[in-house]
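# just coords:
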């Protein structure tokens, strides 16, 4: 063990580190693997993405996760065995990527694994008196580390909760270190399964940074695309574009109390799922609504709630630039609906800032690992949602 601690100290003192960031989101499409070379830390962080790949999940692997994903009642044994299985599978995927990239595992300093979220339950959502904020990501870091022989940091969200946060969104820390720009108010909008944004003030004042979930990004669109059309997502928003927005259903969707709750807040597919939508369809006597109209309405639902959340935060007399990432950034129907409602904001892709939107979340976990191992203190102020902490549990390979 002492040798591992010494090695970790050596990594911390190196002028740069090669860190693999991993992300598997709620879409369950695959594992994002980003090999990053990182120099410095904090606002002096300099990052180069050397390699990136998304390793697709097999249908069996995806189905195994769906057995427990975002469900209140599950087979506990299935959860127990999936925790090491996902770790082993992620470790195998990393080694596969390194082989394809012709890079020996010995040349990698650290792995930063987000894990697979299977349930998210902030206090505002679970309403269980006396119980804390909670979130659960599985895919054991020890199994990744032993499989790859690389020091692994994992389970980042627990420290955030222990320090008073809700375990999300965590992108705010890496967003600040990588993408802040003096004199430019930036909003980094991520549209994965759930949508969230980070506000980066042009003043560079970390205590003025703001982050929150806004509601659904792609989770409902993808769920109904699978159910109705047997496809993983609505490619280019083509199905939504062929339908019409049903205003009755749209108003019912937006009436959820979550949207009136104060910022910051987090949520997940535990709230925004097919049952939520189907109940409103039945309640509002919309059984004859076409599948295309449902997709059109859900796409507009995401756009409206994202835009509304941003409008609640911005000041009308200031200029903002919005940089979008995540699967929703590839949906022109969703992007156009957001732009329509935010005409005074410049909307573009995070790629314009030098990092691929597809790789961004995996990259940001590499940045979090770099901060834990080699970073200093950054004070984000005593505010809900952005505790001033470093995150990640460390697993040694032996």
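Sure, I can see it. None of the values given here were measured: they were computed from a predicted structure.

# all strands of the stretch 151-300 of the chain, in order?
Taking DSSP state E, counting those that start in this stretch to define them, one finds strands in the stretch 151-300 of the chain at 152-154, 185-191, 194-200, 210-216.

# Mean neighbour count, those: which tops it?
Comparing the strands of the stretch 151-300 of the chain by mean neighbour count (mean count of other Cβ atoms under 10 Å), strand 152-154 comes out on top with a mean of 29. Placement of C-beta: from N, CA and C, glycine included.

# OK, contacts around residue 132?
Residue 132 is in contact with 123, 161, counting by Cβ atoms under 8 Å, 6 or more residues apart in numbering.

# mean confidence score for stretch 274-288?
What stretch 274-288 shows for mean pLDDT is 96.

# Please state the offset of it from the chain centre?
28 Å (Cα atoms, centre = their mean, to the nearest Å).

# And stretch 260-274, by the same measure?
Distance, centroid of stretch 260-274 to centroid of chain: 14 Å (Cα atoms, centre = their mean).

# what's the neighbour count on residue 294?
Other residues lying near residue 294 total 25 when counted by other Cβ atoms under 10 Å.

# Measure how buried the residue nearest to it when sequence neighbours are not counted is and give me the count.
Spatially, and ignoring its direct neighbours in sequence, residue 294 is nearest to residue 224 (5.7 Å; Cβ to Cβ, 6 or more residues apart in numbering). By other Cβ under 10 Å, 20 other residues sit near residue 224.

# who are the neighbours in contact with residue 224?
Contacts of residue 224 (Cβ under 8 Å, 6+ apart): 274, 277, 291, 294-295, 298.

# Pipe the strands of the stretch 151-300 of the chain into a markdown table and attach distance to residue 134 and mean pLDDT per row.
Formatted as a markdown table, the strands of the stretch 151-300 of the chain follow (distance: least, Cβ to Cβ, whole Å; pLDDT from 0 to 100):
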| stretch | distance to residue 134 | mean pLDDT |
| --- | --- | --- |
| strand 152-154 | 17 | 98 |
| strand 185-191 | 22 | 96 |
| strand 194-200 | 16 | 96 |
| strand 210-216 | 15 | 94 |
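
# To residue 47, which of those strands lies closest?
strand 185-191 (14.9 Å; Cβ to Cβ).

# my guess is residue 144 contacts residue 90, does it?
Yes. Residue 144 lies in contact with residue 90 (Cβ atoms under 8 Å); the separation is 5.5 Å.

# Helices of the chain, start to end?
Applying DSSP state H to the chain gives helices spanning 2-13, 59-66, 76-100, 123-126, 141-148, 157-162, 171-179, 219-229, 238-242, 247-254, 274-283, 291-313, 332-341, 360-374.

# Flag every buried residue along the lowest-mean-pLDDT helix or strand in the chain.
Taking mean pLDDT, DSSP states H and E as the measure, the chain has helix 123-126 as its least confident helix or strand, at a mean of 85. Residues of helix 123-126 classed as buried: 125-126 (neighbour count, 16 or more other Cβ atoms under 10 Å).
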